[in-house]
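S.K.: Sequence first, predicted coordinates after that:
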Amino acid sequence: MPRQMAPGVTEGYIKVAPTAVRDGDTVTIDAAGIYYRQLNEAVRNAIADGATKVVLKNVNGQRYIGTGVKAKGVTIEVHGTAGNDMAMFMDGPTIEVFGAAQDGVGNTMNAGKVIVHGDAGDVLGYGMRGGAVYVKGDVGYRVGIHMKAYESLVPIMVCGGNARDFFGEYMAGGILVLLGMNTQFAEQPLVGSFVGAGMHGGVIYLRGTVEPWQCGKEVGITEATDEDIAALKPILADYCEAQGMDLAEVLSVPFTKLAPFSHRPYGKMYAPM
Amino acid sequence: MPTSFIQPEFKVKIDYDKCHKCGRCVQQCGWGVYNFNERPIPDDAKCRACHRCVTYCPAHCISIEKSQLAYRENDNWSAAARKAVWRQAETGGVLLTSMGNPMPYTRIFDHLVLDACQVTNPSIDPLREPMELRTFIGHKPDSVGVESDGEGGYRLAEGEGIKNNLKLDTPILFSPMSYGSVSLNVHKSLAMAAQRLGTFMNTGEGGLHADLYPYQDNVIVQVASGRFGVNPDYLSRGAAIEIKIGQGAKPGIGGHLPGEKINKEVSGTRMIPQGTDAISPAPHHDIYSIEDLRQLIYALKEASGYKPVGVKIAAVHNVAAIASGIVRAGADYVYLDGFKGGTGAAPQVIRDHIGIPIEIAIAAVDQRLRDEGIRNWASVIAAGSIRSSADVAKAIALGADAVAIGSASLMALGCHLCQSCHTGSCSWGITTQKPELTRRIDPEWGAQQLTNLVHAWSHELQEILGALGVNAVESLRGSRERLRSIGLDEQMNKVLGVKPAGM
């Protein structure tokens, strides 16, 4: 158990402060072999000291990068593979991952932007309330569960590849987009089953089509109208710019829109005693 | 066809000879029982027996009686069982109710008695001698390092001792109740009382209203599956963070705060639009294992500057193994909620039939953590129908570090246990968001009521400790030798780790 361990090697990492080199407003940190706690402390310290760009080299599965960080105008670059719960509760910064990310990206995130130039794992954007997550490639199960919007906060997630089951489950607000373009599973369906199950707010756009049996009974399936595409266009333009993709190609295939029938799917389920 | 087979449960009787015809009952009733036509005329069917009108009638001329309507005697088909069938035949709905499990299960606390000193060991008079109730909630170290003080004695070595614990002046907390399920004035009453008492209130899963910021050092903020109101600011304000996995009244299921209760203020605190259902999924979808739980515990620690993080679970069959996993996952406390714990709304079938009694859960968890040598890693908070200081003492003797009170604290604010929280029309202004009802609780008065209750229980607890001949609640913790059972079977005694009286 970590609590019982003496200082030294924990789960393959060492608990020492990483080397951080400052050059103007940029701080470069070598994450090789560093335990997440010390690494994230170094990131927070760099931001507290006024750095506007933090570059993390040799990242290899360290968790919680950018978690709980509240800052404006700050960019964190991740070179390598980001670990679980990256950008959880994050409020403001931009994180750009040159590699893949693991589970829980943007979990309960408040504001900011996450760009992943690779694939990402399960449970992305769980309970996410604001900001944007742009994944270039495939994503796993339970992506966009219970995303929710509030006043000016509208969370946006765009995934460029395929997704597995429970995409947008319990969704209560925000915009969730799946493109199916940059996938290593081209022979498989765009998305798994239980899409939008329990959905009661927000909207899901899928580039291509989905069968009704793949979707939750709470969602209506329609082809996206010109107005829908007009609303979606700025989001996709921003995504394409971040991922170096061609907007015209993204828009060359019709989109399917999934929206809930009701904001109160369970309103009539109960008999009060 | 009749509109319903169900006949009124209560009869509202007014002694019109005494009645002032003042109309106060009409004004006080949140359920709309009374019409006024020269005198108040009650509709029995709407009465919930909450006694608001009775309490406020200046002539004391109202009484609420049980309907004497006879049913053919049938032990198997109780009147309640028959009514439930009729209600479901009429509506097709899941029966929704509130407050704690009212079923006649064995009340184990009432089968346990405490010890006292006689002759061979003196008891202590707490009125004249110090009696310590202070309790620390959180991780305790495996060992304590000391160093020489240079004068022949020893002192704690630097960096040794208890770190990052919640300090309670009495081992009683207020249990989690969300703003939304209860009114803001109730939340304010709890927060003010917690500050005065040196203990903690808990936001439940409804966010932290800005009016509670002055009391944030006495507030535990909760993170549940809906993540309502959870952002970095929220996490930074609480004294500790609690992950809610389950609730004693509804283990294993999520929650729905109906759209009707999401008014502007509740919407702002939960950070969701007005009028939509606030749906908490049954599980946290980022927790499917103990490893995932550990990931969330440490995410919360990372995001909050390493505040204590507790985990609340409902007491269920495998509670000891689950608690062991929670402690090993890094939780600073485990909050156990027994199956008689209250709720603002739960399906009746879940509330009445799922979960286990808190007494058993405390004993099983405490024993398991001791057996594994990790009891000091985390504290145990017990809840789920703590009704008196006797229950507090027995829970602590069984192995809890502290208890949390929900139903009892609402009763201090006027709750009469009418089990109607889910209607949103609470006449006492507790479980409602209607402004004409919520204003019935003045937070200053509420805080005083709560402070009085906890003070009274704390004094009684001191008396119990004195009788036991110990001078600190710490000495009672897990001391099951000071308990005996009456009328429990051998198997149950074994589970509780308690001897029968006489042995």
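M.R.: Arrived safely, thanks for sending.
S.K.: can I assume residue B:45 is in contact with residue B:11?
M.R.: No. Residue B:45 is beyond contact range of residue B:11, at 10.6 Å (criterion: Cβ atoms under 8 Å). For the C-beta atoms, the positions are set from N, CA and C on the backbone; glycine is no exception.
S.K.: Flag every residue of the stretch 201-350 of chain B that's near chain A.
M.R.: Proximity of the stretch 201-350 of chain B to chain A, by Cβ under 8 Å from any Cβ of the partner chain, involves residues B:225-227, B:230-233, B:235, B:256, B:258-259, B:267, B:271-273, B:275-277, B:279, B:281, B:285-286, B:295-296, B:298-299, B:302-304, B:328, B:330, B:347-348.
S.K.: Just the buried ones from those, in ChimeraX syntax?
M.R.: To isolate the buried ones among those in ChimeraX, judged by 16 or more other Cβ atoms under 10 Å in any protein chain shown, type:
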select /B:225,226,227,230,231,232,235,256,258,259,267,271,272,273,276,277,279,281,285,286,295,296,298,299,302,303,304,328,330,347,348
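S.K.: Return the subset of the residues of the stretch 201-350 of chain B next to chain A lying in strands.
M.R.: With DSSP state E as the criterion, strands contain B:256, B:279, B:347 from among those.
S.K.: which one among those residues gets closest to residue A:97?
M.R.: Closest approach to residue A:97 among those (Cβ to Cβ): residue B:279, at 31.1 Å.
S.K.: For chain A, what's the nearest residue on the stretch 51-200 of chain B?
M.R.: Nearest residue of the stretch 51-200 of chain B to chain A (Cβ to the nearest Cβ) works out as residue B:93 at 3.0 Å.
S.K.: Would you mind measuring from that residue to residue B:420?
M.R.: The spacing between residue B:93 and residue B:420, counted by Cβ to Cβ, to the nearest Å, is 16 Å.
S.K.: more crowded one of those two?
M.R.: Between residue B:93 and residue B:420, residue B:420 has the larger neighbour count (other Cβ atoms under 10 Å in any protein chain shown), namely 23 against 15.
S.K.: ok, now which ones touch the more buried one?
M.R.: By Cβ atoms under 8 Å, 6 or more residues apart in numbering or on different chains, the contact list for residue B:420 reads B:31, B:48, B:50, B:98, B:426, B:431.
S.K.: Surely the fifth one is in contact with residue B:29?
M.R.: This means residue B:426. No. Between residue B:426 and residue B:29 there is no contact under Cβ under 8 Å: 11.2 Å.
S.K.: These two: who's more crowded?
M.R.: Per other Cβ under 10 Å, whichever of residue B:426 and residue B:29 has more neighbours is residue B:426, with 32 against 23.
S.K.: Can you mark which positions in the longest helix belonging to chain A are buried?
M.R.: For chain A, the helix that runs over the most residues, judged by DSSP state H, is helix A:226-243. Judged by neighbour count (16+ other Cβ under 10 Å), helix A:226-243 contains these buried residues: A:228, A:232, A:235, A:236, A:238, A:239, A:240, A:242, A:243.
S.K.: Mind checking the pLDDT average for it?
M.R.: Averaged across helix A:226-243, the pLDDT comes to 98.
S.K.: Quick one: list the elements packing against that helix.
M.R.: For helix A:226-243, the elements it packs on are strand A:111-116, strand A:132-135, strand A:156-159, strand A:172-178, helix A:247-250, strand A:255-260, judged by 3 or more Cβ pairs under 8 Å, 6 or more residues apart in numbering or on different chains; DSSP states H and E.
S.K.: Nearest to residue B:163, out of the ones you listed?
M.R.: With Cβ to Cβ, the closest approach to residue B:163 among the helices and strands packed on helix A:226-243 belongs to strand A:111-116: 31.9 Å.
S.K.: Run me through the strand neighbours of that closest one, direction for each.
M.R.: strand A:91-98 (parallel), strand A:132-135 (parallel) (DSSP bridges).
S.K.: now that strand against helix A:226-243, angle please.
M.R.: Strand A:111-116 and helix A:226-243 are oriented at 70 degrees to each other (axes from the mean of the first three to the mean of the last three Cα atoms, to 10 degrees).
S.K.: got the CA positions of strand A:111-116 in PDB?
M.R.: What follows is strand A:111-116, C-alpha atoms only, in PDB (Å, rounded to 0.1, in the frame of the first residue of the first chain):
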ATOM      1  CA  ALA A 111     -13.700  25.200 -18.200                       C
ATOM      2  CA  GLY A 112     -10.700  25.100 -20.500                       C
ATOM      3  CA  LYS A 113      -9.700  23.000 -23.500                       C
ATOM      4  CA  VAL A 114      -8.100  19.600 -23.900                       C
ATOM      5  CA  ILE A 115      -6.700  18.500 -27.300                       C
ATOM      6  CA  VAL A 116      -5.500  14.900 -27.600                       C
END
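S.K.: Output the contacting helices and strands for the lowest-mean-pLDDT helix or strand in chain B.
M.R.: Within chain B, no helix or strand scores below strand B:255-257, which has a mean of 79 by mean pLDDT, DSSP states H and E. Strand B:255-257 sits against strand B:278-280, with contacts defined as 3+ Cβ pairs under 8 Å, 6+ apart.
S.K.: Walk me through which strands the strand it packs on pairs with, and which way each runs.
M.R.: Per DSSP bridges, strand B:278-280 is paired in its sheet with strand B:255-257 (antiparallel).
S.K.: could you measure whatever residue of the stretch 101-250 of chain B ends up closest to chain A against residue B:443, distance?
M.R.: Closest contact between the stretch 101-250 of chain B and chain A, by Cβ to the nearest Cβ, is at residue B:227 (3.4 Å). Look at residue B:227 and residue B:443: by Cβ to Cβ, they are 27 Å apart.
S.K.: same thing with residue B:9?
M.R.: Using Cβ to Cβ, one gets 33 Å for the distance from residue B:9 to residue B:443.
S.K.: With neighbour numbers in mind, choose between those two.
M.R.: residue B:443 (20 against 17).
S.K.: Next up, phi/psi of the more buried one, please.
M.R.: phi -60, psi -30 (degrees, to the nearest 10).
S.K.: What's the separation between it and residue B:214?
M.R.: Residue B:443 is 12 Å from residue B:214, where distance means Cβ to Cβ.
S.K.: circling back to that earlier point, among the helices and strands packed on helix A:226-243, which is nearest residue B:485?
M.R.: The nearest among the helices and strands packed on helix A:226-243, by Cβ to Cβ, is strand A:172-178 at 48.6 Å.
S.K.: what about the residue of the stretch 101-250 of chain A found nearest chain B, neighbour count?
M.R.: Nearest residue of the stretch 101-250 of chain A to chain B (Cβ to the nearest Cβ) works out as residue A:127 at 3.4 Å. Neighbours of residue A:127 under the rule other Cβ under 10 Å: 30.
S.K.: Kindly report the same for residue A:201.
M.R.: Neighbour number of residue A:201 under other Cβ under 10 Å is 22.
S.K.: ok, the helix or strand in which residue B:241 is found: who's next to it in the sheet?
M.R.: Using DSSP states H and E, residue B:241 falls within strand B:240-244. Next to strand B:240-244 in the sheet, as set by DSSP bridges, lie strand B:219-223 (parallel), strand B:309-314 (parallel).
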